[in-house]
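**Q** okay, structure incoming, though there's no sequence with it:
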Ligand code: DX5
Ligand code: ZN
């Protein structure tokens, strides 16, 4: 079993010192930075937009994994690409023409991801699997950090891994929401490639130790 990539979410960091949050991630051994963009419409919370991503970009050389929890994400693809996103992930529930939006993301030269909330079945995104670089399985209802995990969602990870095995696409499988040392173990066993962690990461006294445990090294 390969080691998962760890993607701490800055949503749980101190917004008055996000460069400090980036530094904590850089020194922890985590590979990616997860950036949660919320519009107060698709999800019941507002976080930040493309300017924040652009302002943070010069302060990190790590992969920027931008998770758009916004309606009609096509309107913002260009802006997030120019801001320095590496992966741009949209929700299939956020608009009708997801395929068009994924094409637009690839048109900017960026990696494209599709995400599903806990109530959306994998079958809903099956036609899109050949066109994505990442599938983000939400393991909580998106909108807030610090929520308890919905473990039934791991079944979708198993299904996505089996679909990839059978040649339906070539994508990373990511999980997001309620990931900590113990839920990470179940996620790894289900076959994830990327673990997003907000509360558990920024709440950990020793972040390097936490990252090792999320990876299953100790
Ligand atoms: C939830 C966000 C998550 C969130 C995860 O809507 O998409 O990325 O920051 O936070 P934790 O790890 O605290 O559940
Ligand atoms: Zn997220």
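**A** The structure has been received and is ready for your questions. As the structure is a computational prediction, the values presented were derived from the model and not from experiment. Ligands and ions are numbered 1, 2, ... in the order given.
**Q** for the chain, what lies in contact range of ligand 1?
**A** Taking Cβ under 6 Å from any ligand atom as the contact definition, the chain meets ligand 1 at 9, 11-12, 34, 36, 67, 140, 142-147, 176-179, 196-200. All C-beta atoms are positioned from the backbone trio N, CA, C, and that covers glycine.
**Q** any of those residues buried? List them.
**A** 9, 11-12, 34, 36, 67, 140, 142-145, 176-179, 196-200 (16 or more other Cβ atoms under 10 Å).
**Q** rewinding a little: in strands, which of the residues of the chain next to ligand 1 fall?
**A** 34, 36, 67, 176, 196-197 (DSSP state E).
**Q** ok, those residues vs residue 20, which is closest?
**A** residue 34 (16.5 Å; Cβ to Cβ).
**Q** residues touching that closest one, list them.
**A** 7-11, 65, 67, 176, 196, 198 (Cβ atoms under 8 Å, 6 or more residues apart in numbering).
**Q** adding distance to residue 103 and pLDDT, write those residues out as a markdown table.
**A** Formatted as a markdown table, those follow (distance: Cβ to Cβ, whole Å; pLDDT from 0 to 100):
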| residue | distance to residue 103 | pLDDT |
| --- | --- | --- |
| 7 | 24 | 99 |
| 8 | 30 | 99 |
| 9 | 27 | 98 |
| 10 | 28 | 98 |
| 11 | 28 | 98 |
| 65 | 20 | 99 |
| 67 | 19 | 99 |
| 176 | 24 | 98 |
| 196 | 25 | 99 |
| 198 | 30 | 98 |
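**Q** and the residues you listed near ligand 2, which?
**A** When contact is defined as Cβ under 5 Å from the ion, the contacts of residue 34 meet ligand 2 at 67, 176.
**Q** who does the closest residue to ligand 2 within the chain bridge with?
**A** Per Cβ to the ion, residue 67 is where the chain lies closest to ligand 2, at 3.8 Å. Beta bridges link residue 67 to residue 36, residue 89, judged by DSSP bridges.
**Q** try residue 197
**A** residue 8.
**Q** just checking, residue 53 touches residue 85?
**A** Yes: Residue 53 lies in contact with residue 85 (Cβ atoms under 8 Å); the separation is 6.2 Å.
**Q** between the two, point out the one with more neighbours.
**A** Per other Cβ atoms under 10 Å, whichever of residue 53 and residue 85 has more neighbours is residue 85, with 27 against 21.
**Q** buried ones in the lengthiest helix in the chain, by neighbour count?
**A** Secondary structure of the chain read by DSSP state H shows that its longest helix is helix 154-165. For helix 154-165, burial by neighbour count (16+ other Cβ under 10 Å) applies to 154, 156-157, 159-161, 163-164.
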